[in-house]
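Colleague: dropping the sequence and predicted coords here.
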Amino acid sequence: MDPHLEFHTPAPGFLLADERTESSFEQIPVIDFADVASTDHVKRRDLADKIRDACINVGFFYVKNHPIPESTIAGAIRAAGDFFALPTDSKLALDIHKSANFKGYTALLGENANPEGRGDLHEGFDIGWEEQGAGPMAGLNVWPRDSDLPGFRDRVLEYYRAAVKFGQSLFPLFALALDLPENFFDDKTTKPAAIMRLLHYPPQAPALDDDGRVIGIGAHTDYECFTILWQDAAGGLQVQNADGKWIDAVPIPGTFVINLGDQFARWTNDVFKSTQHRVTNRSGRERYSMPLFFGTDYDVLLEPLPSCISPGQTPKYEVVTAGDYVQSRLAETYAHSKGD
Ligand SMILES: O=C(O)CCC(=O)C(=O)O
Ligand SMILES: [Fe+2]
(Lines give C-alpha, C1' and ligand atoms only; values in the text may rest on other atoms or scores of the structure.)
(Ligands and ions follow the chains in the order given, each with its own letter.)
Protein backbone atom coordinates (compact mmCIF):
# COMPACT_ATOMS: atom_id res chain seq x y z
CA MET A 1 0.00 0.00 0.00
CA ASP A 2 1.20 3.48 -0.79
CA PRO A 3 2.28 4.81 2.62
CA HIS A 4 0.62 8.15 1.81
CA LEU A 5 -2.73 6.40 1.74
CA GLU A 6 -2.22 4.48 4.92
CA PHE A 7 -5.17 4.90 7.22
CA HIS A 8 -4.32 6.50 10.49
CA THR A 9 -6.21 4.96 13.38
CA PRO A 10 -7.18 7.62 15.88
CA ALA A 11 -6.51 6.87 19.51
CA PRO A 12 -9.59 5.16 21.03
CA GLY A 13 -12.05 7.76 22.22
CA PHE A 14 -9.97 10.56 20.71
CA LEU A 15 -12.16 13.61 20.33
CA LEU A 16 -10.80 16.61 18.50
CA ALA A 17 -13.64 18.60 20.06
CA ASP A 18 -11.79 18.26 23.41
CA GLU A 19 -8.76 20.03 21.93
CA ARG A 20 -10.61 23.27 21.12
CA THR A 21 -8.89 26.23 22.78
CA GLU A 22 -9.26 29.99 22.94
CA SER A 23 -5.53 30.38 23.30
CA SER A 24 -4.03 33.86 23.09
CA PHE A 25 -1.00 33.17 20.94
CA GLU A 26 1.75 35.79 20.82
CA GLN A 27 3.72 34.17 18.00
CA ILE A 28 3.00 32.50 14.71
CA PRO A 29 4.81 29.15 14.46
CA VAL A 30 7.30 28.38 11.70
CA ILE A 31 7.00 24.81 10.37
CA ASP A 32 9.77 23.17 8.37
CA PHE A 33 8.33 21.35 5.36
CA ALA A 34 11.51 19.51 4.37
CA ASP A 35 9.69 16.21 5.05
CA VAL A 36 6.52 17.01 3.13
CA ALA A 37 7.17 14.42 0.42
CA SER A 38 8.66 11.84 2.77
CA THR A 39 7.39 8.29 2.42
CA ASP A 40 8.31 7.75 6.09
CA HIS A 41 4.96 7.76 7.87
CA VAL A 42 6.51 8.78 11.19
CA LYS A 43 7.97 11.95 9.66
CA ARG A 44 4.68 12.86 8.01
CA ARG A 45 2.83 12.22 11.26
CA ASP A 46 5.28 14.52 13.04
CA LEU A 47 4.70 17.25 10.45
CA ALA A 48 0.92 16.74 10.71
CA ASP A 49 1.11 17.06 14.51
CA LYS A 50 2.87 20.42 14.20
CA ILE A 51 0.24 21.54 11.70
CA ARG A 52 -2.56 20.41 14.02
CA ASP A 53 -1.05 22.37 16.88
CA ALA A 54 -0.86 25.53 14.75
CA CYS A 55 -4.40 25.04 13.41
CA ILE A 56 -5.93 24.55 16.86
CA ASN A 57 -4.04 27.34 18.61
CA VAL A 58 -3.37 30.00 15.97
CA GLY A 59 -4.93 29.33 12.55
CA PHE A 60 -1.73 30.66 10.95
CA PHE A 61 1.74 29.25 10.39
CA TYR A 62 4.79 29.94 8.25
CA VAL A 63 6.20 27.26 5.97
CA LYS A 64 9.92 27.10 5.38
CA ASN A 65 11.54 24.74 2.87
CA HIS A 66 8.49 25.00 0.62
CA PRO A 67 8.50 23.54 -2.91
CA ILE A 68 7.87 26.70 -5.02
CA PRO A 69 11.00 27.86 -6.91
CA GLU A 70 12.15 31.41 -6.08
CA SER A 71 12.33 32.14 -9.84
CA THR A 72 8.61 31.31 -10.19
CA ILE A 73 7.77 33.68 -7.33
CA ALA A 74 10.00 36.44 -8.74
CA GLY A 75 8.37 36.06 -12.18
CA ALA A 76 4.87 36.44 -10.74
CA ILE A 77 5.82 39.45 -8.62
CA ARG A 78 7.43 41.12 -11.63
CA ALA A 79 4.20 40.43 -13.54
CA ALA A 80 2.21 42.04 -10.70
CA GLY A 81 4.40 45.17 -10.76
CA ASP A 82 3.98 45.46 -14.55
CA PHE A 83 0.23 44.94 -14.38
CA PHE A 84 -0.50 47.48 -11.67
CA ALA A 85 1.68 50.04 -13.50
CA LEU A 86 -0.70 49.91 -16.52
CA PRO A 87 -2.93 52.96 -17.09
CA THR A 88 -6.13 52.79 -15.03
CA ASP A 89 -8.29 52.49 -18.17
CA SER A 90 -6.46 49.35 -19.31
CA LYS A 91 -6.93 47.79 -15.88
CA LEU A 92 -10.59 48.79 -15.71
CA ALA A 93 -11.20 47.07 -19.05
CA LEU A 94 -10.76 43.87 -16.99
CA ASP A 95 -13.08 45.04 -14.17
CA ILE A 96 -14.10 42.16 -11.88
CA HIS A 97 -17.70 43.44 -11.93
CA LYS A 98 -17.94 42.53 -15.62
CA SER A 99 -17.10 38.91 -14.83
CA ALA A 100 -19.70 36.28 -13.92
CA ASN A 101 -17.26 34.46 -11.65
CA PHE A 102 -15.14 37.07 -9.84
CA LYS A 103 -12.16 37.14 -12.22
CA GLY A 104 -10.22 40.24 -13.21
CA TYR A 105 -9.28 43.63 -11.79
CA THR A 106 -10.40 45.25 -8.54
CA ALA A 107 -9.64 48.96 -8.28
CA LEU A 108 -8.41 50.72 -5.14
CA LEU A 109 -11.24 50.76 -2.56
CA GLY A 110 -13.23 48.34 -4.78
CA GLU A 111 -13.27 45.64 -2.16
CA ASN A 112 -14.46 45.92 1.42
CA ALA A 113 -13.29 42.89 3.39
CA ASN A 114 -14.64 44.24 6.67
CA PRO A 115 -18.30 45.36 6.41
CA GLU A 116 -17.48 48.12 8.96
CA GLY A 117 -14.86 49.51 6.59
CA ARG A 118 -15.09 52.12 3.82
CA GLY A 119 -13.17 50.14 1.17
CA ASP A 120 -9.76 48.47 1.16
CA LEU A 121 -6.65 50.36 0.14
CA HIS A 122 -5.38 47.79 -2.33
CA GLU A 123 -5.93 46.89 -5.96
CA GLY A 124 -6.07 43.30 -7.11
CA PHE A 125 -6.13 40.93 -10.05
CA ASP A 126 -7.88 37.56 -9.65
CA ILE A 127 -7.64 34.35 -11.60
CA GLY A 128 -9.02 30.88 -10.92
CA TRP A 129 -9.66 27.37 -12.13
CA GLU A 130 -10.70 27.47 -15.78
CA GLU A 131 -12.34 24.11 -16.31
CA GLN A 132 -15.98 24.50 -17.35
CA GLY A 133 -18.46 22.44 -15.34
CA ALA A 134 -16.58 22.88 -12.06
CA GLY A 135 -19.45 25.01 -10.69
CA PRO A 136 -20.58 28.59 -11.14
CA MET A 137 -17.32 29.99 -9.76
CA ALA A 138 -15.18 28.36 -12.46
CA GLY A 139 -14.83 29.70 -15.97
CA LEU A 140 -12.45 31.55 -18.21
CA ASN A 141 -10.02 34.02 -16.73
CA VAL A 142 -9.65 37.49 -18.18
CA TRP A 143 -6.19 38.60 -19.26
CA PRO A 144 -4.59 41.79 -20.55
CA ARG A 145 -3.56 41.66 -24.22
CA ASP A 146 -0.16 39.98 -24.56
CA SER A 147 1.01 42.97 -26.62
CA ASP A 148 0.24 45.26 -23.63
CA LEU A 149 2.03 43.03 -21.15
CA PRO A 150 4.29 40.46 -22.81
CA GLY A 151 4.84 37.36 -20.67
CA PHE A 152 2.31 38.35 -17.99
CA ARG A 153 -0.07 35.45 -18.46
CA ASP A 154 2.72 32.83 -18.61
CA ARG A 155 4.38 34.11 -15.45
CA VAL A 156 1.14 34.29 -13.48
CA LEU A 157 0.04 30.83 -14.64
CA GLU A 158 3.45 29.33 -13.81
CA TYR A 159 3.03 30.58 -10.24
CA TYR A 160 -0.64 29.54 -10.10
CA ARG A 161 0.15 25.97 -11.16
CA ALA A 162 3.03 25.68 -8.67
CA ALA A 163 0.91 27.06 -5.83
CA VAL A 164 -2.04 24.77 -6.70
CA LYS A 165 0.32 21.77 -6.65
CA PHE A 166 1.66 22.89 -3.28
CA GLY A 167 -1.93 23.25 -2.02
CA GLN A 168 -2.86 19.78 -3.22
CA SER A 169 0.11 18.38 -1.30
CA LEU A 170 -1.19 19.99 1.90
CA PHE A 171 -4.63 18.35 1.96
CA PRO A 172 -3.29 14.90 3.03
CA LEU A 173 -1.39 16.59 5.87
CA PHE A 174 -4.47 18.49 7.03
CA ALA A 175 -6.38 15.18 6.85
CA LEU A 176 -3.74 13.51 9.04
CA ALA A 177 -3.88 16.49 11.40
CA LEU A 178 -7.62 15.83 11.72
CA ASP A 179 -7.06 12.11 12.33
CA LEU A 180 -8.65 11.26 9.00
CA PRO A 181 -7.29 9.02 6.24
CA GLU A 182 -4.72 10.94 4.19
CA ASN A 183 -6.93 10.60 1.10
CA PHE A 184 -10.02 12.04 2.80
CA PHE A 185 -10.01 15.21 0.68
CA ASP A 186 -9.02 13.54 -2.62
CA ASP A 187 -12.57 13.13 -3.95
CA LYS A 188 -13.50 16.59 -2.60
CA THR A 189 -10.75 18.45 -4.44
CA THR A 190 -10.88 17.03 -7.97
CA LYS A 191 -11.43 20.46 -9.56
CA PRO A 192 -9.57 22.70 -7.17
CA ALA A 193 -11.51 25.81 -6.31
CA ALA A 194 -8.30 27.79 -6.14
CA ILE A 195 -8.55 31.54 -6.56
CA MET A 196 -5.28 33.40 -6.83
CA ARG A 197 -4.86 37.13 -6.37
CA LEU A 198 -2.10 39.55 -7.17
CA LEU A 199 -2.38 42.38 -4.66
CA HIS A 200 -0.83 45.84 -4.62
CA TYR A 201 -1.04 48.03 -1.52
CA PRO A 202 0.09 51.64 -1.98
CA PRO A 203 1.72 53.18 1.09
CA GLN A 204 -0.97 54.15 3.57
CA ALA A 205 -1.37 57.92 3.90
CA PRO A 206 -1.76 58.71 7.64
CA ALA A 207 -4.88 60.84 7.10
CA LEU A 208 -6.76 57.98 5.44
CA ASP A 209 -7.36 55.91 8.48
CA ASP A 210 -8.35 58.69 10.85
CA ASP A 211 -11.28 56.55 11.84
CA GLY A 212 -9.49 53.24 11.12
CA ARG A 213 -12.02 52.39 8.41
CA VAL A 214 -9.73 52.56 5.35
CA ILE A 215 -6.72 50.27 5.63
CA GLY A 216 -4.90 47.97 3.19
CA ILE A 217 -7.36 45.16 3.82
CA GLY A 218 -9.90 45.35 6.62
CA ALA A 219 -10.15 42.68 9.33
CA HIS A 220 -11.62 39.50 7.87
CA THR A 221 -11.40 35.73 7.77
CA ASP A 222 -10.72 33.89 4.52
CA TYR A 223 -13.53 31.83 3.03
CA GLU A 224 -11.90 28.60 1.83
CA CYS A 225 -10.05 25.72 3.52
CA PHE A 226 -6.68 27.45 3.62
CA THR A 227 -4.71 30.25 2.00
CA ILE A 228 -1.14 30.07 0.74
CA LEU A 229 0.18 33.61 1.03
CA TRP A 230 3.38 35.06 -0.33
CA GLN A 231 4.13 38.53 1.04
CA ASP A 232 7.00 40.84 0.18
CA ALA A 233 9.30 42.48 2.75
CA ALA A 234 7.12 45.57 3.38
CA GLY A 235 5.22 44.03 6.33
CA GLY A 236 1.87 45.13 7.68
CA LEU A 237 -0.01 41.81 7.96
CA GLN A 238 -1.49 41.30 11.42
CA VAL A 239 -3.35 38.39 12.96
CA GLN A 240 -5.80 38.68 15.86
CA ASN A 241 -5.53 36.46 18.94
CA ALA A 242 -8.39 35.43 21.22
CA ASP A 243 -7.82 38.49 23.45
CA GLY A 244 -8.35 40.77 20.45
CA LYS A 245 -4.65 41.69 20.30
CA TRP A 246 -3.11 42.14 16.84
CA ILE A 247 0.07 40.08 16.36
CA ASP A 248 2.43 41.04 13.50
CA ALA A 249 2.98 38.34 10.88
CA VAL A 250 6.38 39.76 10.01
CA PRO A 251 7.75 38.82 6.59
CA ILE A 252 10.29 35.99 6.89
CA PRO A 253 12.38 35.62 3.71
CA GLY A 254 11.98 32.27 1.96
CA THR A 255 8.69 31.40 3.67
CA PHE A 256 5.00 31.30 2.87
CA VAL A 257 2.26 32.08 5.34
CA ILE A 258 -0.52 29.51 5.47
CA ASN A 259 -3.76 30.46 7.16
CA LEU A 260 -6.96 28.57 7.64
CA GLY A 261 -10.28 29.79 6.27
CA ASP A 262 -13.94 29.31 7.07
CA GLN A 263 -14.36 26.00 5.23
CA PHE A 264 -12.00 24.26 7.66
CA ALA A 265 -13.59 26.10 10.60
CA ARG A 266 -16.93 24.70 9.46
CA TRP A 267 -15.65 21.13 8.91
CA THR A 268 -14.19 21.20 12.41
CA ASN A 269 -16.89 23.17 14.24
CA ASP A 270 -14.20 25.80 15.01
CA VAL A 271 -11.62 23.37 16.44
CA PHE A 272 -9.41 24.62 13.59
CA LYS A 273 -9.34 28.41 13.66
CA SER A 274 -10.22 30.70 10.77
CA THR A 275 -8.38 33.64 12.29
CA GLN A 276 -9.14 37.31 11.62
CA HIS A 277 -6.35 39.22 9.92
CA ARG A 278 -5.77 42.60 8.28
CA VAL A 279 -3.07 44.58 6.49
CA THR A 280 -1.96 48.19 6.91
CA ASN A 281 0.94 49.22 4.70
CA ARG A 282 2.89 51.78 6.74
CA SER A 283 6.23 50.88 5.14
CA GLY A 284 6.32 54.06 3.04
CA ARG A 285 6.66 51.97 -0.14
CA GLU A 286 4.55 49.78 -2.37
CA ARG A 287 3.58 46.39 -0.94
CA TYR A 288 2.83 43.32 -3.08
CA SER A 289 1.38 40.00 -1.97
CA MET A 290 -0.08 36.90 -3.61
CA PRO A 291 -2.68 34.82 -1.78
CA LEU A 292 -3.99 31.57 -3.23
CA PHE A 293 -7.26 30.53 -1.59
CA PHE A 294 -7.77 26.80 -1.72
CA GLY A 295 -11.27 25.44 -1.28
CA THR A 296 -12.96 22.14 -1.97
CA ASP A 297 -15.04 21.42 -5.09
CA TYR A 298 -18.18 23.53 -5.42
CA ASP A 299 -20.76 20.91 -4.38
CA VAL A 300 -18.98 19.54 -1.31
CA LEU A 301 -21.09 19.92 1.82
CA LEU A 302 -19.38 21.61 4.76
CA GLU A 303 -20.55 19.09 7.35
CA PRO A 304 -18.90 18.98 10.76
CA LEU A 305 -16.64 15.98 11.36
CA PRO A 306 -18.06 13.67 14.05
CA SER A 307 -14.80 13.87 16.05
CA CYS A 308 -15.23 17.64 16.32
CA ILE A 309 -18.61 17.52 18.03
CA SER A 310 -18.73 16.63 21.73
CA PRO A 311 -21.61 14.43 22.90
CA GLY A 312 -24.69 16.63 23.30
CA GLN A 313 -23.11 19.58 21.49
CA THR A 314 -25.03 21.31 18.69
CA PRO A 315 -22.97 22.09 15.57
CA LYS A 316 -22.32 25.84 15.26
CA TYR A 317 -22.93 26.19 11.54
CA GLU A 318 -25.71 25.41 9.15
CA VAL A 319 -24.57 22.91 6.47
CA VAL A 320 -24.04 24.61 3.08
CA THR A 321 -22.05 23.70 -0.02
CA ALA A 322 -18.48 25.03 -0.15
CA GLY A 323 -19.15 26.82 -3.44
CA ASP A 324 -22.35 28.55 -2.33
CA TYR A 325 -20.57 29.71 0.80
CA VAL A 326 -17.60 31.23 -1.03
CA GLN A 327 -19.78 32.76 -3.72
CA SER A 328 -22.03 34.49 -1.19
CA ARG A 329 -19.05 35.84 0.79
CA LEU A 330 -17.43 37.20 -2.38
CA ALA A 331 -20.69 38.84 -3.43
CA GLU A 332 -20.80 40.65 -0.06
CA THR A 333 -17.18 41.75 -0.35
CA TYR A 334 -17.66 43.33 -3.76
CA ALA A 335 -21.23 44.62 -3.29
CA HIS A 336 -19.69 47.80 -1.95
CA SER A 337 -18.32 48.88 -5.36
CA LYS A 338 -20.89 47.26 -7.68
CA GLY A 339 -22.48 49.78 -10.00
CA ASP A 340 -19.87 52.49 -9.35
O1 LIG B 1 -1.86 40.82 1.56
C2 LIG B 1 -1.82 40.09 2.53
O3 LIG B 1 -0.79 39.89 3.17
C4 LIG B 1 -3.09 39.40 3.02
C5 LIG B 1 -4.20 39.39 2.01
C6 LIG B 1 -5.45 38.78 2.54
O7 LIG B 1 -5.64 38.62 3.71
C8 LIG B 1 -6.50 38.36 1.61
O9 LIG B 1 -6.43 38.68 0.40
O10 LIG B 1 -7.43 37.66 2.05
FE1 LIG C 1 -7.20 37.17 4.00
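Modeller: In hand now; what should we look at? Residues are numbered from 1 along each chain as shown. Ligands and ions are numbered 1, 2, ... in the order given.
Colleague: quick one: contacts for the residue in the stretch 1-150 of the chain positioned nearest to ligand 1?
Modeller: Nearest residue of the stretch 1-150 of the chain to ligand 1 (CB to the nearest ligand atom) works out as residue 113 at 6.7 Å. The way it works is simple: take the backbone N, C-alpha and C, and place the C-beta from them, glycine included. Each residue near residue 113 by CB atoms under 8 Å, 6 or more residues apart in numbering is listed here: 120, 217-220, 278, 333.
Colleague: contact partners for the spatially closest residue to residue 122 that is not a sequence neighbour?
Modeller: Excluding the flanking residues, the one nearest residue 122 by CB to CB, 6 or more residues apart in numbering is residue 201, at 4.5 Å. Contact analysis of residue 201 by CB under 8 Å, 6+ apart lists 121-122, 216-217, 234, 236, 279, 281, 286-289.
Colleague: beta partners for residue 201?
Modeller: residue 287 (DSSP bridges).
Colleague: how near is the nearest residue to the residue of the stretch 1-150 of the chain closest to ligand 1 once chain neighbours are set aside to ligand 1?
Modeller: Among residues not flanking residue 113 along the chain, residue 220 sits closest, at 3.9 Å (CB to CB, 6+ apart). Distance of residue 220 to ligand 1, computed by CB to the nearest ligand atom, to the nearest Å: 6 Å.
Colleague: per-residue pLDDT, residue 220?
Modeller: We have a pLDDT of 95 for residue 220.
Colleague: next, count neighbours for it.
Modeller: 19 (other CB atoms under 10 Å).
Colleague: show me the contacts of residue 201 that map onto strands.
Modeller: Using DSSP state E, the subset of those located in strands is 217, 279, 287-289.
Colleague: determine which two of those residues are furthest apart.
Modeller: Taking CB to CB as the measure, those span a maximum distance of 13.1 Å, between 217 and 288.
Colleague: contact partners for the closest residue to ligand 1 within the stretch 201-340 of the chain?
Modeller: Of all residues in the stretch 201-340 of the chain, residue 289 sits closest to ligand 1, at 3.4 Å by CB to the nearest ligand atom. In this structure, residue 289 makes contact with 199, 201, 229-232, 237, 279, judged by CB under 8 Å, 6+ apart.
Colleague: and it, what's its pLDDT?
Modeller: 98.
Colleague: state the distance from the residue nearest the centre of the chain to residue 275.
Modeller: Nearest residue to the geometric centre of the chain (CA atoms, centre = their mean): residue 227, 1.9 Å. For residue 227, the distance to residue 275 equals 11 Å [CB to CB, to the nearest Å].
Colleague: between these two, which contacts overlap?
Modeller: With CB under 8 Å, 6+ apart as the test, residue 227 and residue 275 both reach 259-260.
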